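Trainee: Test case, fold it:
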Amino acid sequence: MRAIFCADEKWGIGKDNGLLFSLPKDMKFFRETTKGKVVVMGRKTLESFPGGQPLKGRVNIVLSSHEPKEGTVGAKSLNELFQLLKGYPEDEVFVIGGESVYRALLPYCSEVYVTKVAADGKADTFVPNLDEEEAFVLTVEGEPVEDNGYTLRFCTYENRAPKPL
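Mentor: Below is the predicted model:
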């Protein structure tokens, strides 16, 4: 299992149940990376999508105590999620948010794709700083790229000791 997110310089990922920045290059990277894959998210992340609709061209698994929305697969607990995920290759599964889902599942992820933005997005939602997490090692730090007035880098972190599902 892998995770993917965009974070500001304080490891903020969102504000007011939305993204911090409008970054076309980052969105393209997200689409290309997750297209045809399984995406795992919480209910609030699903609700933040246009029209609250699941992402097209992907299996959308929503970790929530609520009933699953049409076009999604529901998992009411981590155990239920892990049972569902046994039906998919590990490298086909991406955790896409939000904060509580990342915090619960990052220890199980073998790789994390982080788009780092050199700015403070005044976030109210954060992920752990992977540079301070003992198990995670920065393996790829892309060159700076300009996107909609912001400087960003596409980075990859490897989890040296992912928990088994």
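Trainee: How far off centre is the strand ranked longest in the chain?
Mentor: The longest strand of the chain (DSSP state E) is strand 150-159. Relative to its parent chain, strand 150-159 has a centroid offset of 13 Å by Cα atoms, centre = their mean, to the nearest Å.
Trainee: That one packs against which elements?
Mentor: Judged by 3 or more Cβ pairs under 8 Å, 6 or more residues apart in numbering; DSSP states H and E, the packing partners of strand 150-159 are helix 24-34, strand 111-117, strand 136-141, strand 145-147. (C-beta placed from N, C-alpha, C; glycine too.)
Trainee: ok, so what distance separates Pro54 from Val73?
Mentor: As judged by Cβ to Cβ, to the nearest Å, Pro54 and Val73 stand 9 Å apart.
Trainee: so Phe5 is in which element?
Mentor: strand 2-7 (DSSP states H and E).
Trainee: Partner strands of that strand, with direction?
Mentor: Sheet pairing here is set by DSSP bridges, and for strand 2-7 it gives strand 93-97 (parallel), strand 111-117 (parallel).
Trainee: Any chance you could list what contacts the first one?
Mentor: Under the contact criterion Cβ atoms under 8 Å, 6 or more residues apart in numbering, strand 93-97 has outside partners 1-5, 13-14, 33-34, 37-42, 45, 85, 101-102, 105-106, 109.
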